[in-house]
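[1] Please work out how this folds:
(one chain, ligands or ions: 2)
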Amino acid sequence: MSRACTEAVHTNATARKASSAIGFLLVLIAAMVPLKILAGDVVDEELNSALRDRPSLLHGEALFDDTCIACHGPDGGGQPNGSVPAIAAQPSNFIIRQLVDYRHGRRLDLRMEHSTGRHRLVDAQDIADVAAYVSQLLPTQAADVGAGDHLVEAQGMYARACVPCHGDSGTGDAGSGVPRLAGQHWEYLLRQMRNVTANREGQRPTFPREHAMLLQRFKDADLIDLADYLSHLGQARDSGITPSPAASGTNGQRP
Ligand code: HEC
Ligand code: HEC
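    Numbers count the residues shown, from 1 in each chain. Ligands and ions are numbered 1, 2, ... in the order given. Predicted coordinates:
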């Protein structure tokens, strides 16, 4: 074979290899698309089933003691420095959604991804059980509160922008799964708000976009004050703060 000819053969072989590699990739992508859809279906199925299942509080307590207590504490109050959130008294549908999200990489945190794996929570029933147990724990008070410098201003911002969903006392809404913010640790609240407003991709991808946009309208100093106000809620007797007077009554999951 002439040199030109060998080169041509070589080029052909390379081209064939390249095209078969592309072909293989296309087949792979084609195979993955339905898999991805399937995976999404499986996650939704698990979520819906956990939301539907009749929970067993007794079994939920056993799961909580085995796994969650180590970080969230026996009263579900989290860690005093705010690194681990309070979860006591959160609406059970909110808890279920978060557990399913962590379990399937829709909310990222290594500790929670590990704690919600199948070796911990076997199926949707386990998720429903532990969520029901946590949601009936009594609300805790934040050990980690802010400086308390602008509580009145923060109360005004909260009343204008947050009360319709999170309620005048920050107790959330069990019906629609809006989380309780009252008594949550200052550091945790601020970290979550900074994460979603800075659009730190991936950490909490299911967080509603409109909500992130609402929080983006506030300056960082306002977020600090909002977190401060919310962390103080539930400590009304000690701090002299009363719940926001706006919109009364419809949201209270707990008084
Ligand atoms: C190893 C420590 C650890 C264990 C064990 C653990 N958690 Fe968590 N949990 C965390 C941390 C840290 C976060 C905050 C992660 C983040 O920033 O997204 C969290 C977040 C959560 C949240 C979201 C709270 C919110 O307000 O958004 C829920 C709900 C929750 N955990 C429930 C549980 C349950 C139920 C268990 C037991 C099955 C459990 N956790 C076990 C550390 C832990
Ligand atoms: C339209 C209803 C709505 C409004 C208004 C609203 N929120 Fe929320 N908020 C939600 C829902 C729903 C979630 C849960 C999102 C999820 O599932 O990830 C949430 C989550 C949060 C979280 C994360 C809590 C946690 O435990 O992980 C914070 C912090 C928060 N909101 C603060 C605020 C503040 C501050 C305001 C006012 C400036 C506000 N929200 C206004 C509905 C609302």
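[2] So what touches stretch 176-184?
    Stretch 176-184 has contacts (Cβ atoms under 8 Å, 6 or more residues apart in numbering) with 85-86, 89-91, 93-94, 97, 139-142, 162, 165-167, 169-172, 189, 230-231, 233-235, 251, 253. Quick note: C-beta positions are derived from backbone N, CA and C, even for glycine.
[3] Let me know the distance separating the residue in the stretch 151-255 of the chain that ligand 1 sits nearest to from residue 128.
    The shortest separation between the stretch 151-255 of the chain and ligand 1 is 5.4 Å, found at residue 179 (distances taken as Cβ to the nearest ligand atom). Going from residue 179 to residue 128 by Cβ to Cβ, to the nearest Å gives 18 Å.
[4] out of the two, which sits in the busier spot?
    Using other Cβ atoms under 10 Å as the criterion, residue 179 and residue 128 rank with residue 128 on top: 26 against 21.
[5] Quick one: neighbours of the closest residue to the more buried one other than its chain neighbours, just the number.
    Computed as Cβ to Cβ, 6 or more residues apart in numbering, the closest residue to residue 128 that is not its neighbour in sequence is residue 53, at 4.0 Å. For residue 53, the tally of surrounding residues (other Cβ under 10 Å) stands at 18.
[6] do residue 51 as well
    Residues near residue 51, counting by other Cβ under 10 Å, number 17.
[7] near ligand 2, which residues of the stretch 151-255 of the chain?
    161-162, 164-166, 178-179, 181, 189, 192-193, 206-208, 211, 214, 226 (Cβ under 6 Å from any ligand atom).
[8] quick one: low-confidence ranges for the stretch 151-255 of the chain?
    Counting by pLDDT under 70, the stretch 151-255 of the chain contains low-confidence residues at 200-202, 236-255.
[9] In it, mark out all the helices, start to finish.
    In the stretch 151-255 of the chain, the helices defined using DSSP state H, counting those that start in this stretch lie at 151-161, 163-166, 186-197, 209-216, 220-232, 236-239.
[10] Next, the angle from the longest one to helix 209-216.
    On the basis of axes from the mean of the first three to the mean of the last three Cα atoms, to 10 degrees, helix 220-232 is oriented at 110 degrees to helix 209-216.
[11] In the protein, which residue is most central in space?
    In the chain, the centroid-proximal residue (Cα atoms, centre = their mean) is residue 98; its distance is 4.7 Å.
[12] OK, contacts around that residue?
    Residues counted as contacts of residue 98 (Cβ under 8 Å, 6+ apart) are residue 107.
[13] The same query, at a cut-off of 10 Å, please.
    85, 87, 90, 106-107, 109, 112, 116, 131, 177, 179, 204, 206 (Cβ atoms under 10 Å, 6 or more residues apart in numbering).
[14] what about the residue nearest to residue 94 when sequence neighbours are not counted, how many neighbours?
    Once flanking residues are discounted, residue 94 sits nearest to residue 177: 4.5 Å by Cβ to Cβ, 6+ apart. Residue 177 is flanked by 17 other residues according to other Cβ under 10 Å.
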